[in-house]
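Trainee: For reference, the sequence and a predicted model appear below.
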Amino acid sequence: MSVTITNLLQPGRYRLVDGVHMALADAGALDRRNVEAFAEKWAWTHHRPGAAEYEEMQYRRFLTFYGFPDQAALVAFLKGKSVILDAGCGYGHKANWLATLAPHAQVIAMDLSESIFIARKLYGDRPNLTFVKGDIADTGFLDGTIDFVDCDQVLHHTSDPQRTTVELARVASHGGHLALYVYARKALPRELVDEYFLSKQRPLSSEEIWDMSDRLTRLGRMLYELNVELDFPDIPQLDIRGGRQNLQRFFYDNFLKCFWNEEIGHEQSVAVNFDWYSPHIAFRFTAEEFLAMTAAAGLSPLYRYSEPACHSGLFLKPAS
Ligand SMILES: C[S@@+](CC[C@H](N)C(=O)[O-])C[C@H]1O[C@@H](n2cnc3c(N)ncnc32)[C@H](O)[C@@H]1O
């Protein structure tokens with residue numbers, strides 16, 4: 001029997017509107033307000049210069065985050081998957097990529113924000129891709145129905161990441177896999193700026209945050225173009241990691257997020273900075289906290305990856 005989304009959902013949870021399955025239950029106000037920042041970001045970025053380069057960079061990062069040596073290894077992994085959920089899919093580029101790599105599978109692109117309508121507009125012609133607007137902490141999928149849950153760069157943006165992880169583990173099949181990612185806790189100076197900004201600067205309008213993101217991008221570019229590499233000292237009392245590194249990277253990881261990436265260019269880099277400063281839910285985790293959260297959801301790590309900005313891994317929901 002071919003898989004259709006209605007076989008996977010608890011009855012009465014969604015109604016189909018213009019090709020998008022819309023959750024009937026409201027997500028909490030905090031999450032709804034939080035995803036407005038993403039709706040705005042994706043509406044702005046998806047058609048700007050550098051979008052294709054941004055997507056390519058994201059696909060390469062995905063392979064790194066979840067332990068696939070190359071795209072062929074991911075294709076081989078996906079061969080065994082019939083139902084794939086991209087939980088928090090943004091404007092759907094990664095869900096579309098997965099649907100292309102796994103044409104035999106049914107891929108569900110899910111996001112709480114209005115960006116799901118952009119996803120539907122861009123990729124609605126792909127026969128094995130379905131669009132769902134709803135909260136990934138309360139998906140409405142039946143237990144054990146999803147063979148591969150991809151939740152890339154999303155968990156920390158939900159109001160209760162532990163609850164979201166438990167929900168994603170619930171819907172995963174026994175023997176199924178989950179690709180999970182969270183922001184890492186940074187050095188103290190960087191955490192102080194970020195935390196202060198997240199908790200105190202809410203009165204800033206989104207125009208002001210776009211303007212700030214533009215300025216930060218220019219700062220990041222200036223530091224990058226100095227092209228200076230130095231041997232920085234470790235300062236463990238402040239969690240500052242030294243070693244030989246580029247000045248921009250050292251400043252960025254330890255003091256202030258000022259993203260700049262030559263490959264994706266100015267506008268996409270501005271959006272990456274906006275993505276950091278605009279959502280008001282952005283938890284950060286140590287590697288131990290991340291592992292404890294996944295273990296509490298009954299998941300076993302198969303592959304783990306960390307870098308200064310994030311922790312990620314491929315997890316197994318053990319056979320019952
Ligand atoms: C940083 S983006 C990551 C998008 C995509 N997974 C990627 O890797 O490019 C986070 C996405 O998660 C979505 N999101 C945040 N909280 C959510 C929730 N509770 N339910 C569904 N989507 C959510 C946001 O709307 C946003 O599109």
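Mentor: Okay, I see it.

Trainee: Relative to the ligand, which residue of the stretch 1-150 of the chain is the closest?
Mentor: Scanning the stretch 1-150 of the chain for the residue nearest the ligand gives G88, at 3.1 Å (criterion: CB to the nearest ligand atom). Where C-beta positions appear, they are placed from N, C-alpha and C, glycine not excepted.

Trainee: For A109, see how far away that residue is.
Mentor: 10 Å (CB to CB, to the nearest Å).

Trainee: that older thread, which non-adjacent residue is nearest the residue of the stretch 1-150 of the chain closest to the ligand?
Mentor: V154 (3.1 Å; CB to CB, 6 or more residues apart in numbering).

Trainee: That neighbour - how many residues pack around it?
Mentor: A total of 24 residues lie near V154 under the criterion other CB atoms under 10 Å.

Trainee: Tell me if I'm right that it and I136 touch.
Mentor: Yes. Judged on CB atoms under 8 Å, V154 makes contact with I136 at a distance of 6.8 Å.

Trainee: Mind listing the shared neighbours of those two?
Mentor: A87, G88 (CB atoms under 8 Å, 6 or more residues apart in numbering).

Trainee: Per-residue pLDDT of the residue nearest to G88, please?
Mentor: On pLDDT, V154 comes in at 98.

Trainee: Around the ligand, pick out the residues from the protein.
Mentor: Proximity of the chain to the ligand is confined to 27, 31, 35, 38, 58, 88-90, 94, 111-113, 115, 135-137, 152-154, 157-158, 275 under the rule CB under 6 Å from any ligand atom.

Trainee: Contacts only, for the closest residue in space to A309 that isn't next to it in sequence.
Mentor: Distances taken as CB to CB, 6+ apart place A184 nearest to A309, at 5.8 Å, with adjacent residues excluded. Applying CB under 8 Å, 6+ apart, we find A184 in contact with R284, F285, T286, A287, S306, E307, P308, A309, C310, H311.

Trainee: Which of those ranks first by neighbour count?
Mentor: The residue in the contacts of A184 with the most neighbours, by other CB under 10 Å, is H311 (25 neighbours).

Trainee: Surely it is in contact with F285?
Mentor: Yes. With contact defined as CB under 8 Å, H311 and F285 form a contacting pair (6.2 Å).

Trainee: shared neighbours, those two?
Mentor: Counting by CB under 8 Å, 6+ apart, the residues touching both H311 and F285 are V182, A184.
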